[in-house]
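1. Dropping a prediction and its sequence here:
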Amino acid sequence: MRAGPLHLSLFIAILLALGGGCATQDKALGELSSAARLYAEGRKALDEGYYEIAIEKFEQLETRYPFGEYAQQAQLDMAYAYYKSDNPASAVAAADRFIKTYPRHPHVDYAYYLRGLANFAVGGDFFDRLLKEDPAKRDPRPAREAFRYFAELVTRFPDSPYAADARARMLYLRNFLARHELHVARFYMRRGAYVAALNRGRTVLETYYQTPAVPEALALMSEAYDALGLAQLAAETRRVLELNYPGRLARKGKD
């Protein structure tokens, strides 16, 4: 029995649909292969330390194939490449974008960690120069930002494999920021700005309590109170210092 015109038309339509489906599948496989190739090239460059090339490859991958597993991983690796290429602002921006785009990604904790690392690197430069420059002219914001980012990581992901390192860096940052406040306080003391020095000392007591800077902050505050003619407050501060840190009065004003 021969097929009539209606049956033949339906048969041709089915064949075309099947052919189109194969073409779509081939295209999808081709795009996946190209995305995999770009990612592999970017990852190879990243592993070998060619960070600019890695960034270029990851950007191409994101532009051409913005969806899928390779694009997600490329975004995360690009943040790391920016960090390694001494571009902390771009590293933080890339990590932020990953967090906003993939908040439930299994490795989103690494993006939080990278934000802290990027600012910690900037803070490291600040720490290196802290003793060589006028402390009142230095900006500790990168160190504070690093602390904030690490704190967010350990709060949101306390069991993250990066949490222990983040906590250790937070302790380091806290101690260093307290020392910065003391440097600035001494700067003000040398210039007779005793109220400003007192304010910096209070910041150490209120914000950076339980750091090694606390006894020196108390000693400096007692000195500032004396300079302002506030003998009772000076004596009370010295009593607190002697009670909690015996023998530190003899070493006040020293690192």
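-> Thanks, I have it. Keep in mind the model is a prediction, meaning the values are calculated, not measured. Numbering: from 1, shown residues only.
2. Three-state assignment for P161, please.
-> coil (DSSP: H, G, I helix; E, B strand; the rest coil).
3. same thing with the one 3 residues further on?
-> The three-state label given to A164 by three-state DSSP is helix.
4. Not counting its neighbours along the chain, what's nearest V122?
-> P142 (3.7 Å; Cβ to Cβ, 6 or more residues apart in numbering). Heads up, the C-betas are built off the backbone N, CA and C, glycines and all.
5. oh sorry, the question was meant for M221
-> That would be G201: by Cβ to Cβ, 6+ apart, it lies 4.1 Å from M221.
6. One more: M189?
-> Using Cβ to Cβ, 6+ apart, the closest residue to M189 is A197 (4.7 Å).
7. now V204
-> A217 (3.8 Å).
8. how about the helix or strand harbouring the residue nearest to M221: buried residues?
-> Using DSSP states H and E, G201 falls within helix 194-207. By neighbour count with 16 or more other Cβ atoms under 10 Å, helix 194-207 contains the buried residues 194, 196-201, 203-205.
9. Check the offset of the helix or strand hosting Y70 from the chain's centre.
-> Element membership for Y70 (DSSP H and E) is helix 69-84. Averaging C-alpha positions (Cα atoms, centre = their mean, to the nearest Å) puts helix 69-84 15 Å from its chain's average.
10. Just the C-alphas of that helix, formatted as CSV.
-> Taking C-alpha atoms only, helix 69-84 is exported to CSV below (Å, rounded to 0.1, in the frame of the first residue of the first chain):
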residue,chain,number,x,y,z
GLU,A,69,30.3,23.8,34.4
TYR,A,70,33.3,25.1,32.6
ALA,A,71,32.1,28.7,32.7
GLN,A,72,31.5,28.4,36.5
GLN,A,73,35.0,27.0,37.2
ALA,A,74,36.6,29.6,34.8
GLN,A,75,35.0,32.4,36.8
LEU,A,76,36.5,31.0,40.1
ASP,A,77,39.9,30.4,38.5
MET,A,78,39.9,33.8,37.0
ALA,A,79,39.6,35.4,40.5
TYR,A,80,42.6,33.4,41.6
ALA,A,81,44.5,34.4,38.5
TYR,A,82,43.8,38.1,39.2
TYR,A,83,45.0,37.5,42.8
LYS,A,84,48.2,35.9,41.7
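11. In three-state terms, label G229 for me.
-> Relying on three-state DSSP, one would call G229 coil.
12. now the residue nearest to V122: how far from A168?
-> Distance, P142 to A168, by Cβ to Cβ, to the nearest Å: 18 Å.
13. who has more neighbours, the two?
-> Between P142 and A168, counting by other Cβ atoms under 10 Å, P142 is the more crowded of the two (20 against 11).
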